[in-house]
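Q: I would like to see how this sequence folds:
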Amino acid sequence: MFKVDSPMLRFLTRPVRFVIEFIAGFIGVLVVVGVLLVWRLSMSPVSSSFLTPYVEAGIVDLVPGTQVTIAHSLLAWDNADRSVTLQADGIHMASKDGAPIADVPNLAIRISVLGLFLGRLVPAGLLIEHPQVALVRTKDGTLLFGGMAAAGEGGGDIKGTFRHIIEDLTHAHFTRKLEITQAAFAIHDESTGDNWAVSVPDTVLERHLDGELTGESKIEVTQKNQTALVVLHYKRDTDKQRHNITARFSAINPAFLAGAGSKAAMFDLPLTGEISLGLDNNLRLVSEEADLHGDAGALVYADFWDAPRAVNSLDLKADYDQQTGKLDITRADIDFGGPKLALTITGTAPPTGTISRPSSPACR
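A: Numbering: from 1, shown residues only. Below you'll find the predicted structure:
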């Protein structure tokens, strides 16, 4: 065994020893500061007005084209989760023109202690309680969210905002859980003058240890004097870079919810069933499956009938794949209270600008 001893080697070990000692000392300081911070927060919450601008800026970055104000915020220690929590109260969101968009009585952000030491507000969990959102459906069927249209050009459309939010959540690897409780959407319909409500009791989005992103939401839709239930399931397919959404619902009337000129407005009857959608990163439809049953109501289609056509029941089963352009309607049964229509259709979407024709229709 040989022993190497040289001035050069001793010279190199000094800076290495210094770096190691510096890192060890720095970690020790972080531990002491962390213990003192936890002890102080466990005694009582601390005003965190210095963090309020960061939270406001974070919300604006998540929902561009808005302005956000927060009444006050507190930094506290959560004994249940054993984490530092930032609690914000009195959150008001408005468009740049001042039109009200949403009010959130309480927001709790479980934050990373290490992120605070590094000067960054890194959310590990997010709880939004009882957000109240105002929507307007114009006479042409456009849904407005604080002046932003549901479909449009530029940065002022809801779809673009949702795409931005989903992209941020998809890449927020340190955020483990997002929960929204008792959300309320008040919708004013300018064409009818009616006001109707959508209640979302609970929405949960979780990131699992393997990186998988899943979610579930329960939605209650008030239609005149009836309330319908919709349950949404979400799963992020990382291999295909796709968002998969499944909606199960009962007693939903599409004509009541659809805007003017929408194809869904032709179904003036309660529908029960399941719809599964596959969306790409730009929220474009790439696949769809539907299995629906409709009870007594009416079909409204001016090109076929001069007046709404009464039906006793309706059953529909279909799927669509955007990559192949193939549409399969394996079941379409309509009971008109006497005459019955039953058909199956297999078709392929033609190139843009050509006339759409089923490739192999079959009616019975």
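Q: Same question for G58, what's its three-state structure.
A: Following DSSP: H, G, I helix; E, B strand; the rest coil, G58 is assigned to helix.
Q: Just list the residues touching P131, thanks.
A: 102-104, 180, 183-184 (C-beta atoms under 8 Å, 6 or more residues apart in numbering). Every C-beta, even on glycine, is put in place using the N, C-alpha and C of the backbone.
Q: now for those, which pair is the farthest apart?
A: Using C-beta to C-beta, the two most remote members of the contacts of P131 are D103 and I180, lying 13.8 Å apart.
Q: which stretches of the stretch 51-200 of the chain have low pLDDT?
A: 77-83, 112-122, 141, 145-174 (pLDDT under 70).
Q: ok, which stretches of it are helices?
A: Using DSSP state H, counting those that start in this stretch, the helices of the stretch 51-200 of the chain run over 52-62, 113-117, 158-171.
Q: helices or strands next to the first one in the packing?
A: Meaning helix 52-62. strand 66-78, strand 83-95, helix 158-171 (3 or more C-beta pairs under 8 Å, 6 or more residues apart in numbering; DSSP states H and E).
Q: Inside strands: which ones of the contacts of P131?
A: 102-104, 180, 183-184 (DSSP state E).
Q: With neighbour count and distance to H92 added, can I get these in CSV?
A: Formatted as CSV, the ones in strands among the contacts of P131 follow (neighbours: other C-beta atoms under 10 Å; distance: C-beta to C-beta, whole Å):
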residue, neighbour count, distance to H92
A102, 23, 8
D103, 16, 6
V104, 22, 8
I180, 19, 17
A183, 21, 16
A184, 16, 15
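Q: part of a helix, is A264?
A: Yes: assessed with three-state DSSP, A264 lies in a helix.
Q: what about it, distance to L205?
A: 27 Å (C-beta to C-beta, to the nearest Å).
Q: Kindly report the same for A302.
A: Taking C-beta to C-beta, one finds A302 at 41 Å from L205.
Q: do G65 as well
A: Taken as C-beta to C-beta, the span from G65 to L205 is 23 Å.
Q: which residues of the stretch 151-300 of the chain fall in strands?
A: Ranges of strands in the stretch 151-300 of the chain, per DSSP state E, counting those that start in this stretch, are 177-189, 195-207, 213-223, 226-237, 242-252, 267-268, 271-279, 285-294, 297-299.
Q: buried ones in the fourth one?
A: Think strand 226-237. By neighbour count on 16 or more other C-beta atoms under 10 Å, the buried set for strand 226-237 is 228, 230, 232, 234, 236.
Q: circling back to that earlier point, higher neighbour count, A264 and L205?
A: Neighbours per residue (other C-beta atoms under 10 Å) separate A264 from L205, with L205 holding more: 20 against 13.
Q: tell me the contacts of that one?
A: L205 sits in contact with 169, 177-179, 213-215, 234, where contact means C-beta under 8 Å, 6+ apart.
Q: Out of the residues you listed, the closest to D189 would be?
A: Y234 (27.8 Å).
Q: Quick check: that closest one vs T214, distance?
A: In terms of C-beta to C-beta, Y234 sits 6 Å off from T214.
Q: Equivalent analysis for P100, please.
A: Taken as C-beta to C-beta, the span from P100 to T214 is 32 Å.
Q: P131 now?
A: Taking C-beta to C-beta, one finds P131 at 21 Å from T214.
Q: And for V60?
A: 28 Å.
Q: same deal with M266?
A: Note on M266: its distance to T214, by C-beta to C-beta, is 34 Å.
Q: As TSV, the buried residues of strand 226-237 with pLDDT and distance to L74 would be great.
A: Shown next, in TSV, are those (pLDDT from 0 to 100; distance: C-beta to C-beta, whole Å):
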residue	pLDDT	distance to L74
A228	83	39
V230	91	35
L232	93	33
Y234	92	32
R236	87	33
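Q: How is A302 assigned, secondary-structure-wise?
A: Applying three-state DSSP: A302 is coil.
Q: how much space is there between it and I329?
A: Taken as C-beta to C-beta, the span from A302 to I329 is 22 Å.
Q: Looking at those two, which is more packed in?
A: Taking other C-beta under 10 Å, A302 and I329 do not tie; I329 has more neighbours (19 against 9).
Q: contact partners of the helix or strand in which that one is found?
A: Assigned by DSSP states H and E, I329 belongs to strand 326-335. By C-beta under 8 Å, 6+ apart, the residues outside strand 326-335 that reach it are 299, 311-320, 340-349.
Q: Using the record's assignment, carve this structure into domains.
A: Using automatic domain parsing, the domains assigned to the chain come out as 1-43, 45-207, 214-326.
Q: Which residues belonging to stretch 179-191 are considered buried?
A: For stretch 179-191, burial by neighbour count (16+ other C-beta under 10 Å) applies to 179-180, 183-185, 187, 189.
Q: Could you do stretch 190-206 as well?
A: Quick answer for stretch 190-206 (16+ other C-beta under 10 Å): 196, 198, 200, 203, 205.
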